[in-house]
Structure formats: C-alpha cells, structure tokens
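>>> Here is a sequence with its predicted model. Questions after.
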Amino acid sequence: MDASKAARNQALFREVNERVRGLDYSNTHAEFVCECANPDCTETVGMDLDEYEEIRRVPTHFLVAAGMGHVFPNVERISERHPGYWVVEKFGEAGLKAVRLVADRRVTQGEVA
C-alpha cells in the first residue's frame, strides 16, 4: 500500500472516531471504527474514552482491530497489543504524512498547534 494513501485512509477513520468520541461525554465507553489503512474495513473496537484519548495523543499512532489483516508492515509497526485491539505506529513517509494531516486539521479547526 502506498504510504500517502495509507496515511490518508487512517486519518479519515480517525476523524470519524473523533466525532464518535464527541457525541456523549456522559458515557466512558464507546465503539470506535478500526483505523487501519484498509478502506473497506468495517470492524469496530470497544474501549474506554480515556484509552482512545491516550492513543490519539501521538499523531503517528492508530487504533486497529487485533489481527495482522489490519497491519501494513511496509508503512507501520505494531506498537502495543491489547485484548481486541492493537496500536500501530506509522513510520517513514506514512508517519510524516500522518503528522502533517493532524497539523493541517488543527489549523483548519482553529486549534493552536
């Protein structure tokens, strides 16, 4: 998979999860979409909002459903393994693209970087 395409796909899934996270602050648990680079993936991962928040603190880290079918070794490596989900870390061109996409989103949304 092309590094730029993988980063764009995952950034899109992260954007969906950002909206899920913002829907209900009274609930501490939510179902998040897998942020793998496969645009056809429809798996979800249930987790606490604090756990998801911890993952998204690092722009190169993405939440994926557990299983090698959600990992693209040419652009990312498994950073953490948890029951039901893994955290992958983008590297190289894909990592740089992920960081740029997060920075661009913050600027468009008026956040201070």
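Nice, I can see it.

>>> Can you tell me which helix or strand of this structure has the lowest average pLDDT?
Here the helix or strand of the chain ranked lowest by mean pLDDT, DSSP states H and E is helix 3-23, holding a mean of 67.

>>> following that helix, which helix or strand shows up next?
Per DSSP states H and E, the first helix or strand lying C-terminal to helix 3-23 is strand 29-33.

>>> buried residues in the helix or strand that comes right after that following strand?
Next along the chain after strand 29-33, taking DSSP H and E as the criterion, comes strand 44-48. Buried residues in strand 44-48, counting neighbours by 16 or more other CB atoms under 10 Å, are found at 45, 47. Placement of C-beta: from N, CA and C, glycine included.

>>> just checking, what packs against strand 44-48?
Packing contacts for strand 44-48, counted by 3 or more CB pairs under 8 Å, 6 or more residues apart in numbering; DSSP states H and E, involve strand 29-33, strand 61-65.

>>> Could I get the pLDDT score of the spatially most central residue of the chain?
Most central in the chain under CA atoms, centre = their mean is residue 62, positioned 3.1 Å from the mean C-alpha point. On pLDDT, residue 62 comes in at 94.

>>> what bits of the chain have low per-residue confidence?
The chain contains residues with pLDDT under 70 at 1, 3-7, 9, 12-13, 16-26, 105-113.

>>> what's the residue nearest to the residue nearest to the centre of the chain when sequence neighbours are not counted sitting at in phi/psi?
In space, residue 62 comes closest to residue 35 once its chain neighbours are excluded; the distance is 4.1 Å by CB to CB, 6 or more residues apart in numbering. The phi and psi values for residue 35, taken as degrees, to the nearest 10, are phi -100, psi 30.

>>> Which of the helices and strands packed on strand 44-48 sits closest to residue 10?
Of all these, strand 61-65 sits nearest to residue 10, with 4.9 Å by CB to CB.
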